[in-house]
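S.K.: from the sequence below, what's the structure:
(chains A and B)
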Protein chains: 2
Amino acid sequence: MPLGKRSDFGDARYAGVEVNYAHDIAGTMQEYLLCGFDFVLAPLVQPGHEQPALQLPQDGSAVTPVIREELMLTSATWGGQIVGKVSSWIDPDSPEPELAQRSAAALQQELSWAAFLGLQAVLLPTPQQQHKGAFNHAQVVNQALGGLSHMALWLQLPMTEPPAAQQQQQQDAPAVANSSSSSSSFDWFEYWCTLFTLCEQSSLLGVALVVPPDLPCKRAVARWLAQPLKALLLPTSVFTTNKRGYPILSKAHQELLSTAYRHNVQVVLTGEPLHKVAPAPPQPPPPATPAPESTIAAAAAAAGGDVLPFAVNDPGESHVLRPYWEYLCYLFRRLDGGAAQEQVEAGYRDYLQAPLQPLQDNLESQTYETFEKDVTKYACYQAAVHAALLDRVPDDKAEETVTTLMVVGAGRGPLVRSSIAAARATRRKLRVYAVEKNPAAIVHIQRMVRCEGWQEMVTIVHTDMREWQPPELADILVSELLGSFGDNELSPECLDGAQRLLKPGGISIPASYTSFLAPVTTAKLWDAVRNYKDLEHCETPYVVKFHRHYTLSPPQPVFTFVHPNPQQPPDNNRAATLRFPRPAEEGVGVLHGFAGYFESVLYKDVTLNTHPPTHTPNMFSWFPIFFPLREPLTLPAGADVITHMWRKCGKHKVWYEWAVSEPVACPIHNPGGRSYYVGL
Amino acid sequence: MPLGKRSDFGDARYAGVEVNYAHDIAGTMQEYLLCGFDFVLAPLVQPGHEQPALQLPQDGSAVTPVIREELMLTSATWGGQIVGKVSSWIDPDSPEPELAQRSAAALQQELSWAAFLGLQAVLLPTPQQQHKGAFNHAQVVNQALGGLSHMALWLQLPMTEPPAAQQQQQQDAPAVANSSSSSSSFDWFEYWCTLFTLCEQSSLLGVALVVPPDLPCKRAVARWLAQPLKALLLPTSVFTTNKRGYPILSKAHQELLSTAYRHNVQVVLTGEPLHKVAPAPPQPPPPATPAPESTIAAAAAAAGGDVLPFAVNDPGESHVLRPYWEYLCYLFRRLDGGAAQEQVEAGYRDYLQAPLQPLQDNLESQTYETFEKDVTKYACYQAAVHAALLDRVPDDKAEETVTTLMVVGAGRGPLVRSSIAAARATRRKLRVYAVEKNPAAIVHIQRMVRCEGWQEMVTIVHTDMREWQPPELADILVSELLGSFGDNELSPECLDGAQRLLKPGGISIPASYTSFLAPVTTAKLWDAVRNYKDLEHCETPYVVKFHRHYTLSPPQPVFTFVHPNPQQPPDNNRAATLRFPRPAEEGVGVLHGFAGYFESVLYKDVTLNTHPPTHTPNMFSWFPIFFPLREPLTLPAGADVITHMWRKCGKHKVWYEWAVSEPVACPIHNPGGRSYYVGL
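M.R.: Numbers count the residues shown, from 1 in each chain, chains lettered A, B, ... in the order given. Okay, the predicted model is just below:
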């Protein structure tokens, strides 16, 4: 019974509810699932059992169910509809050695027990704040993770702000300081970063954040999205009441939930019902829900079908928590599906793609087709050629002057089309050479020229632009060779090689381009890179649509290339050192790598940019690039990041090397292009 | 022609000399080798060639000798007797792009050239201080390292002090501040740490330190010994003059050189001769030197024999640098060879050994034999039994009382011997049970008892102490089950198991023991661990005689065990969190792992300690233990280290887990004992 069927939210189950311990777990389940929730968060052990439920051998190797009649549920139900909750009394860092010892044993036992039942996830209690590091807790969790194959551990944590941000707020509003300062200066995000490192960034370890009545600032929330945030625990006490007595959320909380839904973060309602609403009038039975697509939802549905057939007179609608569920439903359904392009991109979110090597490989027709769909990009090119023609040929010479324009790397011809459109609009005469090395693409251009009747105007040249001997020189040289990082598909080398085709004083479109780099937190992408389990993949940049990421400091310019290239002979080696400032208010950070973008000047004020602050609206041809780090680096609060980036040119290849030297150094990545290069 | 033959200095060649560029390299070599030096430090390229000597392809793939007639020397000579020196004009971080580009190319070329000649090492110039990081230099060096298989790169660096230490000195002596503050607040050690990390701690990268006239404090020198310090460059200007006009060194410099010799650090004389001494009276030709043992010295000798036959009238003795060489010789020969034990230990220095598993495996006779040689240890045991007997049996009861003493884990019987010696000295009556599970060791005890005529007094019991059913209970239980880290050979588990053999109020010798841990820098050991190329070896503790190491903070106590154990049932799980303070004056540090020691109380004031400040004199049974870190951690100046150590007990095994949480967290090592454990 998902709240709504939205393919772009992937594997999230949508709304859960925390339930008390009950001997009749099957009945409890039925009650809440009929009410509308997708899963329950249920204690693993009856509260009050303040010691290991059974005396285990010291290494916790055997588990026998003794506490409750678990076997009345199938493992599909356990796995699909129940998240287990570890006993909250457990405190392996207690100063009392006996309690610490019992706690470690009990924690180990409850986790083994949950794994045995086939649970998909278990919620771990928040360590007590006075223990700070809670290192014994970390040790037990880490040891348990080593024995788990699929069950996830969600650590329950408060949603706090970095201490410096709290101080600043208190300075800003000293009178109302008390409400938010009750959380003291302990930042649970910092605790999480340490724990996650101690546990080797295990893919099975995640966070469940408790939503407070007063939300922290947006950046303090955003940093969690780049971590494995799995759930928001939403207490009923956070809801306010509308005029009709129904529970509703503040604007800020509504936004938080929308963000959660968009990032596959589950929402779990917790606490007692505090809003008693008059029962709704009787309604017809709900229509059959469509079969959910995701495997987990399917498992849940199968399990539901197994033990929980729907009663004809659904008693769920009168459940005391039903108004909360309906409100969550409302928020979920209200989510904007986004523009068509956003929906297309959803499938690419946080998915690693190898960058293209268009110089080495011939592209497939489908790749051209995808790129040609970007109307905005070709409109920009048309505007650039338009402006260049007007500058190059005054109105009074428009009749007599024929401008020679070469499209180098013409592909299936979109730039030929844009250039001719610009010539028509400006009433300038044009002779076009379309230079392309890919024989399959040539076929397409030929057909285009035939269909449009451009045979007089367009000469098709099937060769590599670096080798072509032209019959004349060009006034304007047009190309679209930029990669996600600007120069990474070897535009500089190609255009240096094609520069001899251009008349002195001729125009290159693009005229220049600059790459940009920003330090990012992105636990998900880093985990994906690590899962390749080799050095090579850890030293390779990827084209990626960043989704669950956090930009630690705004992007800065890296390398610039200008065409025609004034430097002769050209040297396209580059080295850059960038200092990324990080305000102390943002607290500690985790650096997983760098996001790369570009800005390009096609001609004068016509630009094509993927650099976020100046991103060309509605253009989608380029996703950013991701340069990973082999190991994540923890950044102390306020510590700037100093990054080094090299572009190196060899005889047959071009590659990047990158490194961090502050706050702490890491090895130079990809020396000599050993893991990744672009072939010339 | 080594300065002296000392097996404990391994592969060091002893004294080199810097020479100017000369076209006749063979003649130059002959001159300096006849003078007494073992190798020369010679420029690779004629000074003044301020650009790459030949235009290389951009990736430096081909090298052709063009500069000098190198081929007149064999590659054995190049490899054994010449260290190459890279041109000092090279500056890849120059703000002038053209010079930077030429520098990178020239550096690459000179290194390729040196590798082609078969040089064993090349000296790299000190980057210019105003470039701080000199990151392009690092990039070129790192890329070059990737292509080298055996040639080492020695980076020439000044010997500086941490900025905080300099400041303190200036405060202490503001009047004479200028001489040492000329080195400004830039600490080249910090630069080195960054560079070494950027270059992935390459085994081929080392340091050559320039010895200044005013030496930094001892700690500032000591930290370099834990790094791959390969050579000291000793300018002639550092020498002073004695009454007879001969060059000599200050006391501090003499000590520095002794330290260098002891740590296999080569000394290279640099600069012009400044001490003109009257020629020595003619002497008979030198006696034939014994064949050097180390392979490198042998190669040098072979090469010397090849091109440089000794003239009968050795002209070397009148060489202007001869007095310096003689002084270096004198310092070297004056080195104290050390006690016999130190010479035995020399072979174990910085060598990783797996800890013993005496409970799982039966020891070999030779291992017993080695341990039994430690006279001090058994004297301590005798003193402990002595004191215990006096306490247990008053003088007036000495005749009538028979004390029952059990040696658990008797091995070949040394503790039986010590106990009986104590009984004799105290005139107490003793009944001894010697319990031992190793059948081979039992044979030895039987012979000992027979030879000594102790059949009445000693009962030999061939069994595991944890299983034995004794005919009576013991007054005193004696054991020697301690490992390098105290409890790491399972003394706690064994003695808990043997505790039932002891009368209530009986005495255990040892009565307690405490492990100690200290954070250390030890690039050599870390490199040795890494060279195993697997996770397992990075998470295993090793028994090791630390030599080239630096203790970042004094050792602190970790786990304590007391016998008889008052806790029932016993729980030998332990957890410890240690904060190691680091004064800011010591500058940045590098943490490679932890050195472990122990203190044990045998009985009352009789102790056996390996903890350095309280180390039992002349005892050599235990080397320290080394817990490595998977990755070295760079520690900012003044940053404390917080370390966590767990001792975990399972049904069949005991293991340690360890981690660092500050200044930056690292993964918990060895979770669940996956890489290393001790079997029960």
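S.K.: when you work out contacts or count neighbours from here on, use the C-alpha atoms and nothing else.
M.R.: Fine.
S.K.: shaky segments in the stretch 351-500 of chain A?
M.R.: Within the stretch 351-500 of chain A, the stretches with pLDDT under 70 are A:358-359.
S.K.: again, only this time at 80
M.R.: A:355-363 (pLDDT under 80).
S.K.: other SSEs contacting the helix or strand containing A:Leu111?
M.R.: Element membership for A:Leu111 (DSSP states H and E) is helix A:97-117. Using 3 or more CA pairs under 8 Å, 6 or more residues apart in numbering or on different chains; DSSP states H and E, the elements in contact with helix A:97-117 are helix A:75-81, helix A:135-147.
S.K.: buried deepest among those, which one?
M.R.: Stretch with highest mean neighbour count among the helices and strands packed on helix A:97-117: helix A:75-81 (a mean of 23; mean count of other CA atoms under 10 Å in any protein chain shown).
S.K.: any idea of the mean pLDDT for that one?
M.R.: Averaged over helix A:75-81, pLDDT sits at 76.
S.K.: what residues does the following helix or strand past that helix touch?
M.R.: Next helix or strand after helix A:75-81 toward the C-terminus (DSSP H and E): strand A:82-85. With CA atoms under 8 Å, 6 or more residues apart in numbering or on different chains as the test, strand A:82-85 has contacts from A:39-44, A:114, A:119-125.
S.K.: point to the residue nearest the middle of chain A.
M.R.: The residue lying closest to the centre of chain A (CA atoms, centre = their mean) is A:His547, at 2.1 Å.
S.K.: can you check the pLDDT for that one?
M.R.: So A:His547 comes in at 94 (pLDDT).
S.K.: got it, and A:Ala340?
M.R.: Among the per-residue scores, A:Ala340 shows a pLDDT of 61.
S.K.: just A:Asn136 next, same as before
M.R.: Value for A:Asn136, per-residue pLDDT: 93.
S.K.: quick check: it touching A:Ile90?
M.R.: No. Counting by CA atoms under 8 Å, A:Asn136 stays clear of A:Ile90, with 11.4 Å between them.
S.K.: joint contacts of the two?
M.R.: A:Ala104.
S.K.: wasn't A:Trp192 part of a strand?
M.R.: No. Applying DSSP: H, G, I helix; E, B strand; the rest coil, one finds A:Trp192 to be helix, outside a strand.
S.K.: if I pick it, what's in contact with it?
M.R.: Counting by CA under 8 Å, 6+ apart, A:Trp192 touches no other residue.
S.K.: any weak-confidence spans in chain A?
M.R.: Along chain A, the parts satisfying pLDDT under 80 run over A:1-14, A:23-24, A:46-80, A:129-133, A:164-185, A:276-317, A:335-347, A:355-363.
S.K.: for it, identify the residue most remote from the centre.
M.R.: The centre of chain A is farthest from one residue, A:Glu400, which by CA atoms, centre = their mean lies 54.4 Å away.
S.K.: still on that earlier bit, mind putting the helices and strands packed on helix A:97-117 in TSV, distance to chain B included?
M.R.: Shown next, in TSV, are those (distance: least, CA to the nearest CA, whole Å):
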stretch	distance to chain B
helix A:75-81	26
helix A:135-147	5
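S.K.: for A:Pro492, grab the count of nearby residues.
M.R.: When neighbours are defined as other CA atoms under 10 Å in any protein chain shown, A:Pro492 has 25 of them.
S.K.: tell me which element it falls in.
M.R.: Going by DSSP H and E, A:Pro492 is part of helix A:491-498.
S.K.: which residues touch that helix?
M.R.: Contacts for helix A:491-498 (CA under 8 Å, 6+ apart): A:408, A:465-466, A:481-482, A:561, A:563-565, A:570, A:572.
S.K.: type out the ChimeraX command that picks the buried ones from those residues.
M.R.: Here is the ChimeraX selection string for the buried members of the contacts of helix A:491-498, based on 16 or more other CA atoms under 10 Å in any protein chain shown:
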select /A:408,465,466,481,482,561,563,564,565,572
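S.K.: within reach of chain B, which of the contacts of helix A:491-498 are there?
M.R.: Checking these against chain B by CA under 8 Å from any CA of the partner chain, not one of them is in range.
S.K.: and chain A, which residues reach chain B?
M.R.: Close to chain B, as judged by CA under 8 Å from any CA, chain A has residues A:57-59, A:135-136, A:139, A:142-143, A:146, A:194, A:197-200, A:575, A:634, A:644, A:649-651, A:659, A:661, A:664-668, A:671-672.
S.K.: report the buried members of those.
M.R.: Neighbour-count burial (16+ other CA under 10 Å) applied to those gives A:58-59, A:135-136, A:139, A:142-143, A:194, A:197-200, A:575, A:634, A:644, A:649-650, A:659, A:661, A:664-668, A:671-672.
S.K.: please parse chain A into its domains.
M.R.: A:7-337, A:365-480, A:512-679 (automatic domain parsing).
S.K.: could you dump those into JSON lines with distance to B:Ala220 added?
M.R.: Shown next, in JSON lines, are the domains of chain A (distance: least, CA to CA, whole Å):
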{"stretch": "domain A:7-337", "distance to B:Ala220": "31"}
{"stretch": "domain A:365-480", "distance to B:Ala220": "57"}
{"stretch": "domain A:512-679", "distance to B:Ala220": "21"}
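S.K.: need the winner for burial among these.
M.R.: domain A:512-679 comes out most buried of those by mean count of other CA under 10 Å, with a mean of 20.
S.K.: how far does that domain sit from the chain's center?
M.R.: 16 Å (CA atoms, centre = their mean, to the nearest Å).
S.K.: before we move on, what about stretch A:345-354?
M.R.: 9 Å.
S.K.: show me the helices in the stretch 201-350 of chain A, by range?
M.R.: Secondary structure of the stretch 201-350 of chain A (DSSP state H, counting those that start in this stretch): helices at A:218-225, A:251-262, A:295-307, A:322-334, A:340-346.
S.K.: what lies in contact with the second one?
M.R.: If I follow you right, that is helix A:251-262. Contacts of helix A:251-262 (CA under 8 Å, 6+ apart): A:9, A:14, A:215, A:232, A:266-267, A:331-332, A:335.
S.K.: angle of it against helix A:322-334?
M.R.: Put simply, helix A:251-262 runs at 70 degrees to helix A:322-334, going by axes from the mean of the first three to the mean of the last three CA atoms, to 10 degrees.
S.K.: next, the angle helix A:218-225 makes with helix A:251-262.
M.R.: On the basis of the same axes, to 10 degrees, helix A:251-262 is oriented at 20 degrees to helix A:218-225.
S.K.: keeping just the C-alphas, turn helix A:251-262 into PDB.
M.R.: What follows is helix A:251-262 as a C-alpha-only set of coordinates in PDB (Å, rounded to 0.1, in the frame of the first residue of the first chain):
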ATOM      1  CA  LYS A 251       6.000  25.100   6.100                       C
ATOM      2  CA  ALA A 252       9.600  24.300   7.000                       C
ATOM      3  CA  HIS A 253       8.700  20.700   8.000                       C
ATOM      4  CA  GLN A 254       6.700  20.300   4.800                       C
ATOM      5  CA  GLU A 255       9.800  21.300   2.800                       C
ATOM      6  CA  LEU A 256      11.900  18.900   4.800                       C
ATOM      7  CA  LEU A 257       9.500  16.000   4.000                       C
ATOM      8  CA  SER A 258       9.500  16.900   0.400                       C
ATOM      9  CA  THR A 259      13.300  16.800   0.400                       C
ATOM     10  CA  ALA A 260      13.200  13.500   2.100                       C
ATOM     11  CA  TYR A 261      10.800  12.000  -0.400                       C
ATOM     12  CA  ARG A 262      12.900  13.300  -3.300                       C
END
